[in-house]
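> Just a sequence and a predicted model for now, questions to come.
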Amino acid sequence: MALMEYKCPNCGGPLNFDPGAQDMVCPYCDSVVDLKTLQAMDSLLEEEAQIESEDWSYSGADWQADETNAMAVYTCNSCGGEIIGEESLGATSCPFCGNRVVIASKFSGSLRPDLVLPFKLNKDEAKEALKRHYAGKKLLPKVFRDRNHLDEIKGVYVPFWLFDAEADVKADYDATQVKRWSDSHYHYTRTSHYHVHRAGQIGFDQVPVDGSQAIDDTLMESLEPFDLKEAVDFQTAYLAGYFANKYDQDAETCYPRADERIQRSASQAFRNTVKGYQSVTPKREDIALTDNKIKYALLPVYLLSTSWEGESYLFAMNGQTGKFVGDLPMDKKAYWSWFFKIFGIASVLLVALSQLLVR
């Protein structure tokens, strides 16, 4: 397979997509190239990417089948160096000459995304977000905060399936109203039961489910929402300077998770329409999804990894909105110190309260 790369028309340096400018920028001469200008280049670059390189045969030992199942080898057009990566690798940089490259074949034909949501934030903003994530965490080990360094920070276009559906809902609820009163002899309680019926349709647009096995689904859902109104038609130029993976879980595999999210949201939306009762218990819910549509999109995520005391910690930031998530280590000494302080204060208050009750 071959690689596709965008070079500066002025100095020949590699062009990167700049989130601030929302255009291609050369880091060497600061030239700015409009993305629309590059659209005309895509077909030419794709044709060039198909040119076979000269065959330099080597009669060494063959790879075993199980060693190459998830591996692919690519050749850099700029320096000729070979890049070995995972089969799902879509965009990277050459480790020999540093040129940003896009693996065109990974995003062509049936694998070509419909949409891409460009990065709006850069790596420096991701680092600042990590510092803010540390702020106010009293149980975070001080040495982790002061001496910790990032092992790696990567801007990654994560593959997502976007599901549209119409949910036809029919639901019945057992609702109650409770009235209490008293007279000089008795206390009374009257519970009235009502049968509440709801039926209707609710539409869901672009419910995202990540299509990469390498990234935790819960972590990706924690970064939502993405403003998909800002998504644009896919163009490979947006990938320059970032990592990008194609999906390794197809839409059919990801659909059950989308179905679960839609069903849960539809159920809650109709439940919220039943108001004015002390209690509401669902008795029957029938939810059928119709008019299903699917799109394949690449969404921007910064992944930051660091290590401390032999443990690895992964953080993620929404590359569009800046929402930041990730687990942090806990200072056990600080935890127990806080625990005993709170326990001690509570004990003093309980003793004082018991003495007042005795008196």
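All right, it came through fine. Everything numeric in this text was worked out from a predicted model, so none of it was measured. Residues are numbered from 1 along each chain as shown.

> For the rest of this, base every contact and every neighbour count on C-alpha atoms.
OK.

> Show me how the protein divides into domains.
Listed domain ranges for the chain are 16-112, 114-328 (source: automatic domain parsing).

> Doesn't Phe204 lie inside a helix?
No: Phe204 is assigned strand when assessed by DSSP: H, G, I helix; E, B strand; the rest coil, not a helix.

> Tell me how many other residues crowd it.
15 (other Cα atoms under 10 Å).

> likewise Gln263?
Neighbour tally, Gln263, other Cα under 10 Å: 19.

> Mind telling me what element it is part of?
helix 251-271 (DSSP states H and E).

> what's that helix in contact with?
With contacts defined as Cα atoms under 8 Å, 6 or more residues apart in numbering, helix 251-271 is touched by 161, 163, 167, 169, 171, 198, 202, 204, 207-211, 285, 287, 294.

> and with 7 Å instead?
161, 163, 207, 209, 211, 287 (Cα atoms under 7 Å, 6 or more residues apart in numbering).

> coming back round to it: most tightly packed of the domains of the chain?
domain 114-328 (a mean of 16; mean count of other Cα atoms under 10 Å).

> quick one: the helices in the stretch 101-250 of the chain?
Listed in chain order, the helices of the stretch 101-250 of the chain (DSSP state H, counting those that start in this stretch) span 123-134, 142-147, 217-222.

> partners of Val207 in the sheet?
For Val207, the beta-bridge partners are Phe163 (DSSP bridges).

> roughly how far apart are it and Tyr188?
49 Å (Cα to Cα, to the nearest Å).

> Which strands border the following helix or strand past the helix holding Gln263, and is each parallel or antiparallel?
The element immediately downstream of helix 251-271 (helix or strand, assigned by DSSP H and E) is strand 279-308. Applying DSSP bridges, strand 279-308 is found paired with strand 115-116 (parallel), strand 152-182 (antiparallel), strand 311-318 (antiparallel).

> Check whether Ile153 really touches Leu303, as I assumed.
Yes: with contact defined as Cα atoms under 7 Å, Ile153 reaches Leu303; the gap is 5.7 Å.

> which residues of the stretch 51-200 of the chain score low on pLDDT?
Counting by pLDDT under 70, the stretch 51-200 of the chain has low-confidence residues at 51-77, 79-110, 136-151.

> change it to 50
51-61, 143 (pLDDT under 50).

> Max pairwise distance over the contacts of helix 251-271: which two?
Gly211 and Ile287 (24.9 Å; Cα to Cα).

> Starting from Ala214, give me the distance back to Asp205.
In terms of Cα to Cα, Asp205 sits 25 Å off from Ala214.

> now swap in Asp168 and tell me
34 Å.

> And Gly155, by the same measure?
Going from Gly155 to Ala214 by Cα to Cα gives 15 Å.

> Could you do Arg190 as well?
56 Å.

> Check Ser192 too.
Taken as Cα to Cα, the span from Ser192 to Ala214 is 53 Å.

> How about Tyr194?
From Tyr194 to Ala214 the distance is 49 Å (Cα to Cα).

> Please give me every residue in contact with Leu162.
Taking Cα under 7 Å, 6+ apart, one finds 206-209, 294-296 in contact with Leu162.

> Grab the nearest non-local neighbour of Tyr242.
Gly155 (5.3 Å; Cα to Cα, 6 or more residues apart in numbering).

> any low-confidence regions in the stretch 201-350 of the chain?
331, 334-336, 338-340.

> switch to 90 and redo it
Along the stretch 201-350 of the chain, segments meeting pLDDT under 90 span 212-219, 234-252, 290-293, 303-316, 324-350.

> ok, Leu289 - contacts?
165-168.

> Repeat the analysis, applying 10 Å as the threshold.
Contacts for Leu289 (Cα atoms under 10 Å, 6 or more residues apart in numbering) come out as 164-169, 201-204, 259, 262-263.

> quick one: it from Phe160, how far?
If you go by Cα to Cα, the gap between Leu289 and Phe160 works out to 20 Å.

> Asp210 too?
Asp210 is 4 Å from Phe160, by Cα to Cα.

> what residues are shared contacts of those two?
Common neighbours of Asp210 and Phe160 (Cα under 10 Å, 6+ apart) are 220, 247, 249-251, 254, 296-299.

> Make TSV out of those and add distance to Ser182.
Shown next, in TSV, are the shared contacts of Asp210 and Phe160 (distance: Cα to Cα, whole Å):
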residue	distance to Ser182
Met220	55
Tyr247	66
Gln249	63
Asp250	64
Ala251	61
Cys254	57
Tyr296	64
Ala297	63
Leu298	64
Leu299	62
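
> so which of these comes closest to Met317?
Of these, the one sitting nearest to Met317 (Cα to Cα) turns out to be Met220, at 9.4 Å.

> how much space between the spatially closest residue to the closest one that is not a sequence neighbour and Glu221?
Leaving aside its sequence neighbours, Met220 sits nearest to Asp210 (Cα to Cα, 6+ apart; 7.1 Å). Distance, Asp210 to Glu221, by Cα to Cα: 9 Å.
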